[in-house]
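Enquirer: How does the following fold in three dimensions:
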Amino acid sequence: MAYFDAASAAPLHPVARQALLASLDEGWADPARLYREGRRARLLLDAAREAAAEAVGCRPDELVFTPSGTRAVHTGVAGALAGRRRSGRHLIVSAVEHSSVLHAAETHEADGGTVTRVGVDRTGAVAPSAYADALGADTALAALQSANHEVGTEQPVAEVAEACRAAGVPLLVDAAQSLGWGQVPGGWSLLTASAHKWGGPSGVGLLVVRKGVRFAPRGPVDERESGRAAGFENIPAIVAAVASLRAARAEAAEQAGRLRELTERIRTRVPELVPDVEVVGDPVRRLPGIVTFSCLYVDGETLLHELDRAGFSVSSGSSCTSSTLTPSHVLRAMGVLSEGNVRVSLPPGTAAEDVERFLAVLPGAVAGMRERLGVPAAPSPVGRPSAPALTVDALGRRCPVPVIELAKVIGDVPVGGTVRVLSDDEAARLDIPAWCEMRGQEYVGEEPADRGAVYVVRRLG
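Expert: The predicted model follows:
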């Protein structure tokens, strides 16, 4: 098996395993107690905090450990908004933030606050000017990920932080995907991260609140972690998390070079080996180990199962892998193809031979699926001159079927003629325009219908 889903959870680093086992004997006691065992546990906790602060680039008393990265995000967003309530109740986030940030934003809205969701370009990057334009007198907090978890695109954190600083608004950075590779640049005010992203154990998050940032923890608090993370600290896991962070940083330069070469190989060769593929994300400003692509006319969940049977563990942001049958919010915000989506995220130490084997297996897996789904060949250049405009009824049929049915009939209308696709599949709203761009056809637009919507496509050639 080749594990290619490090963006979800990186394999436990050997250093983390060693540190975890070693600290189980010394870090089990209550670090708040004054007796010998408590003092030993406190020494381990303090040493881990100092090492983590050095890796992040902050003061030790600005950093607390939380039970998860998600808890760090929720605590950070809620605490910063509460601390600046007198300034206003406006929150700014990007449209491609991790779900933990978006869920916190939804909770804020439900409580009467306002949220601006800043859009991104087709690479998944925000424009710093868009954040600057969204900042207002009532803005309490802005949030921006350091790099995207689905497509790997790095965000202009330093530029956005400067705009926020000029407006007197704190910036919270979700650094879960990038912290293992290096410190986050710029004058951010709050930062969150999660240990299982860099090879530490799950169940350990980081929350950093810079001195001078107004912050009011929400909910019941206790004396643990400066009142910002209630409950008994899991000291062995914390020690292992920080040890693996330092180890990952020590190996970062070497591993980044290797993984960039391997992901670039995938980015270049997948479109050569598999027809009708869109590689997404910024080609340059991206994390070393992530490459994401979408395959036209392919069911994403089935493709992941096919690859799993072939020995590859990959993930997807495709609508077809979600129980809600809606496209990934990241791919939707980018306006790129969502069907047949595959995210390959390589862990450190990935062998080049495994990547070559993946590239050998993928074309056959995609071709077999397309054949089973009856995907048609490309339409002839002329079409049938006498054919009228066509309507495709794809109601009740899920991706990639609406796009496949469109492809089947596009050759039956003359150049300049239209096809109307009736669909109630949420993914069609994203995938039909993406299909038009990939196949050189014109997407006319969307029309309302009693059920679902009508997507109008004009044949150009």
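
Enquirer: just checking, what's the longest helix in this structure?
Expert: Assignment by DSSP state H gives helix 235-273 as the longest helix of the chain.

Enquirer: what residue ranges in this structure are flagged as low confidence?
Expert: Flagging of the chain using pLDDT under 70 yields the residue ranges 318-326, 377-389.

Enquirer: and if we set it to 50?
Expert: Counting by pLDDT under 50, the chain has low-confidence residues at 319-324, 383-387.

Enquirer: Residue ranges of each domain in it, please.
Expert: Domain ranges of the chain: 9-248, 253-373, 390-458, per automatic domain parsing.

Enquirer: before we move on, back to that, by neighbour count, which bits of the longest helix of the chain are buried? Give me those.
Expert: For helix 235-273, a neighbour-count test (16 or more other C-beta atoms under 10 Å) marks 235-249, 251-252, 255-256, 258-260, 262-263, 265-267, 270, 273 as buried. Heads up, the C-betas are built off the backbone N, CA and C, glycines and all.

Enquirer: now the strands for the stretch 101-250 of the chain?
Expert: 114-118, 139-145, 171-174, 190-194, 205-209 (DSSP state E, counting those that start in this stretch).

Enquirer: Which among those is found nearest to V160?
Expert: strand 139-145 (5.4 Å; C-beta to C-beta).

Enquirer: Enumerate every residue touching the nearest residue to P67 once chain neighbours are set aside.
Expert: Leaving aside its chain neighbours, P67 sits nearest to G203 (6.0 Å; criterion: C-beta to C-beta, 6 or more residues apart in numbering). G203 makes contact with P67, S68, A195, H196, N234, A237, according to C-beta atoms under 8 Å, 6 or more residues apart in numbering.

Enquirer: try 7 Å this time
Expert: P67, S68, N234, A237 (C-beta atoms under 7 Å, 6 or more residues apart in numbering).

Enquirer: quick one: terminal-to-terminal distance for stretch 413-421?
Expert: 13 Å (C-alpha to C-alpha, to the nearest Å).

Enquirer: So what's the gap between it and the chain middle?
Expert: 37 Å (C-alpha atoms, centre = their mean, to the nearest Å).

Enquirer: Ok, stretch 214-232 next?
Expert: Per C-alpha atoms, centre = their mean, the centroid offset for stretch 214-232 relative to its chain is 28 Å.

Enquirer: Nearest to Y3, out of the domains of the chain?
Expert: Closest among the domains of the chain, using C-beta to C-beta: domain 253-373, at 4.8 Å.

Enquirer: where's the residue nearest to P67 relative to A248, distance?
Expert: As for G203, its distance to A248 is 18 Å (criterion: C-beta to C-beta, to the nearest Å).

Enquirer: Over to S315?
Expert: With distances taken as C-beta to C-beta, S315 is found 20 Å from A248.

Enquirer: And S294, by the same measure?
Expert: On the measure of C-beta to C-beta, S294 and A248 end up 29 Å apart.

Enquirer: Next: L45.
Expert: 21 Å.

Enquirer: re the thing from before, specify the stretch among the strands of the stretch 101-250 of the chain that is closest to V403.
Expert: strand 114-118 (26.8 Å).

Enquirer: So what touches the closest one?
Expert: 89-95, 105, 108-109, 126, 130-131, 134.

Enquirer: That strand vs strand 139-145, what angle?
Expert: 30 degrees (axes from the mean of the first three to the mean of the last three C-alpha atoms, to 10 degrees).

Enquirer: Show me how far strand 114-118 is from its chain's centre.
Expert: 18 Å.
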